[in-house]
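[1] Sharing a sequence plus its predicted fold:
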Amino acid sequence: MPIHNADIIRIFEEIADLLEIQQANTFRIRAYRNAARTLQSMDKDVAVLVEQHADLTQLPTIGKDLAAKIEEIVHTGQCQALTKLRQQLPASLPELLKIPGLGPKRVHALYHELDIHTPEQLLRAARDGRILALHGFGQKTVDALVRSIESHIRQKPRLKLAEAAHYAKPLAHYLQQHPGVDEVTIAGSYRRGKDTVGDIDLLVSAADSQPVMAHFTHYDEVAKVQSSGRTRASVVLKCGLQVDLRVVAKPSFGAALHYFTGSRSHNIELRRRAQQRGLKLNEYGVFRGDTQVAGATEDSVFKAVGLPWIPPELRENQGEIAAAEAGELPNLIELRHLQGDLHAHTRASDGHASLETMAAVAKQKGLRYLAITEHSQRLTVTHGLNAEQLRRQIDQINALNDTLEGITLLKGIEVDILEDGSLDLPDEVLGQLDLVIAAIHSKFHLSRQLQTERIIRAMQRPHFSILAHPTGRLLEQRDAYDVDMPRVIREARQRGCYLELNAHPERLDLLDTHCRMAKAEGVLISINSDAHHPNDFDNLTYGIGQARRGWLEKEDVLNTRSLRQVKRLLTQTL
DNA sequence: GCCGTTTTCGGCCCGACTGTTTTCAGTCG
């Protein structure tokens, strides 16, 4: 069983949690967390370095001790240090740390004073008054704990980015209406374009914060005010979404925007960098001693620490700071760069509009070409097309193209990849098309090896052009199927075919990390709407966000090419 | 436990809010 970075990260985080509960030296705890972050930001498994007998202490935050622990884990799958800790403390204790309002100190007290180590025991002790008797626990704390255990047991799912937008935008608009407000920005993971968000962070620039706070907490959708101070407030909306607001004055807006956009790990890195330069970076600005030297704009903050502005989507501490330092930040793709869309449906299968409507709306959105790619016969619930129906659609599109101006329809299919890796329509039919998108819609639970080989066999079919929604995940609904994506990407490079980044907000599939891998291998990505309705072309925005998180530039994307270039690139795969 | 353009010891990211206690600890982002 190969050891992945994620395995080591889990071990280090658990060690850190247990040490925290033991009240060990905080900097020793932080060392484990820093190391976990380092592993997180690596683009390959550290196990590979171990096999090559590389010196792990060359990695930042990894010293002699942690290097030895990493080697131990890679070789044995175990870590003695963790085993020892687990003998000293119940394994369920770290779970308690996840309950809002419970940190290491309180977990320590609960365990040592009352022998509590599960949420259920905690709930019982809260209700029968035992916790109230502990030093430092008052009635309000106990009440808050009961509430958060109950909601912890329920486990709120994260919101998909598009859903979050549905709540965040009207709220931002509402805040903007207040006369004392200069500027409102939605920050946090939303601004970084993450596929799902856990809460909404809003930043407001205003000279006087108090009236804005009041305005915020009186928003009609607010169900509960969790906290509300002079510069910061936190509420829960009726839909269950938590919203944090921060109000700052203009000279601090850029620093606050940077701070509240995150990620946490990026922020820590940047503050450390400031510190190395004799500066202090916080949400109010960049300071030398007591003098503010930057902070009104994000640009000024980055400049003060010797860097160019880094786009929010890259701020994950995944190498963006080093890239910025070296002047090698990618020139990220933008929506306007897309010249076409290579995946759309009409009423002929499970779409909701005609060929004509889809073409007209695509043109109105500024696209120059649109591929019509219905489902194939196997997918009966979608009225997938058989060979004869597909031939008829080919004729229809040919005829329609003669009348269209400013946009061209491409003839395609979203053909099912069958269990054995064959395609759901015969080669001679597929050969008549401009492109063949192939997708898995069944047998999601094959083993990693079988699933990977299934996809690779499909890619080797003579007319295969693009692998649609390559991992098959549906956000918060269905996990990705188990597939060796690096191998699929290498195969795509050899075969000369392409991968889709499906822009549907429920899919956003390829993942950002895979986009980066594909870019490194020189495999072009097609950012497609998978439109089933004319409105769905707007989903391309989300695809672009995801592509930006994957460091993609205009040149890395197939459908930024002109119609002529795309046709040539698609022909190469046929 | 890590690290060094103040380098082998003495630092380590930073501030807001709440609740409990009465000057601050704990938690969170």
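    Cool, the structure landed.
[2] drop to CA atoms for contacts and neighbour counts, all remaining ones
    Will do.
[3] What pLDDT does the model give the residue located most distally from the centre of chain A?
    Computed with C-alpha atoms, centre = their mean, the residue of chain A farthest from its C-alpha average is A:A133, at 43.2 Å. Confidence at A:A133, expressed as pLDDT, is 85.
[4] How about A:D128?
    Reading off the model, A:D128 has pLDDT 84.
[5] quick one: contacts for whichever residue of chain A sits closest to DNA strand B?
    The nearest approach of chain A to DNA strand B comes at A:G138, 2.4 Å away (C-alpha to the nearest atom of the strand). Taking C-alpha atoms under 8 Å, 6 or more residues apart in numbering as the contact definition, A:G138 lies against A:L132.
[6] For it, give me the backbone phi and psi.
    In terms of degrees, to the nearest 10, the main-chain angles of A:G138 are phi -100, psi -180.
[7] Please report the distance of it from A:H383.
    A:G138 sits 62 Å away from A:H383, going by C-alpha to C-alpha, to the nearest Å.
[8] State the three-state secondary structure for A:H375.
    Under DSSP: H, G, I helix; E, B strand; the rest coil, A:H375 falls in the strand class.
[9] What are the contacting residues of stretch A:537-555?
    Contacts to stretch A:537-555, defined as C-alpha under 8 Å, 6+ apart, come from residues A:162, A:192-195, A:313-314, A:330-335, A:337, A:362, A:365, A:501-505, A:508, A:511-516, A:519, A:527-529, A:531, A:560.
[10] For PyMOL, write the selection for the buried entries among those residues.
    A single PyMOL command selects the buried members of the contacts of stretch A:537-555 (16 or more other C-alpha atoms under 10 Å):
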select buried, chain A and resi 162+192+193+194+195+313+314+330+332+333+334+337+362+501+502+503+504+505+508+511+512+514+515+516+519+527+528+529+531+560
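[11] out of the contacts of stretch A:537-555, who's near DNA strand B?
    Among the contacts of stretch A:537-555, no residue sits close to DNA strand B (C-alpha under 7 Å from any atom of the strand).
[12] Out of the contacts of stretch A:537-555, list just those in helices.
    Using DSSP state H, A:162, A:362, A:512-516, A:519 are the members of the contacts of stretch A:537-555 that sit in helices.
[13] re earlier: what's near enough to touch the residue farthest from the centre of chain A?
    A:A133 neighbours (C-alpha under 8 Å, 6+ apart): none.
[14] And it, its phi and psi?
    Torsion angles at A:A133 (phi, psi; degrees, to the nearest 10) stand at phi -80, psi -20.
[15] what's the spacing between A:Q121 and A:S148?
    For A:Q121, the distance to A:S148 equals 14 Å [C-alpha to C-alpha].
[16] Tell me which stretches of the stretch 51-200 of chain A form helices.
    Counting by DSSP state H, counting those that start in this stretch, the stretch 51-200 of chain A has helices at residues A:64-76, A:80-88, A:93-97, A:104-114, A:119-127, A:139-154, A:161-176, A:188-191.
[17] which of those sits most buried?
    Burial of the helices of the stretch 51-200 of chain A is given as mean neighbour count (mean count of other C-alpha atoms under 10 Å); helix A:188-191 ranks first at a mean of 24.
[18] what about that helix, distance to the chain center?
    10 Å (C-alpha atoms, centre = their mean, to the nearest Å).
[19] hmm, back to that, any chance of the helices of the stretch 51-200 of chain A in a markdown table, with distance to A:T291 too?
    Output for the helices of the stretch 51-200 of chain A, formatted as a markdown table (distance: least, C-alpha to C-alpha, whole Å):
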| stretch | distance to A:T291 |
| --- | --- |
| helix A:64-76 | 39 |
| helix A:80-88 | 45 |
| helix A:93-97 | 38 |
| helix A:104-114 | 36 |
| helix A:119-127 | 47 |
| helix A:139-154 | 39 |
| helix A:161-176 | 31 |
| helix A:188-191 | 27 |
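[20] Contact residues of the stretch 1-150 of chain A facing DNA strand B?
    Going by C-alpha under 7 Å from any atom of the strand, the residues of the stretch 1-150 of chain A near DNA strand B are A:25, A:27-32, A:57, A:59-67, A:97-107, A:135-142.
[21] Tell me the secondary structure at the residue nearest to A:R33 when sequence neighbours are not counted.
    Using C-alpha to C-alpha, 6 or more residues apart in numbering and skipping residues adjacent in sequence, the residue nearest A:R33 is A:E13, 6.1 Å away. Here A:E13 is recorded as helix under three-state DSSP.
[22] Let me see the contact set for A:E13.
    With contact taken as C-alpha under 8 Å, 6+ apart, A:E13 is in contact with A:32-33, A:36.
[23] Can you flag which of those belong to helices?
    Among the contacts of A:E13, the residues falling in helices (DSSP H) are A:32-33, A:36.
[24] which secondary structure element contains A:N401?
    helix A:387-403 (DSSP states H and E).
[25] Which strands or helices does that helix pack on?
    strand A:408-416 (3 or more C-alpha pairs under 8 Å, 6 or more residues apart in numbering; DSSP states H and E).
[26] Which residues does the following helix or strand past the strand it packs on contact?
    Reading on from strand A:408-416 to the C-terminus, the next helix or strand found by DSSP H and E is helix A:427-430. Helix A:427-430 has contacts (C-alpha under 8 Å, 6+ apart) with A:387, A:391, A:436, A:462-463.
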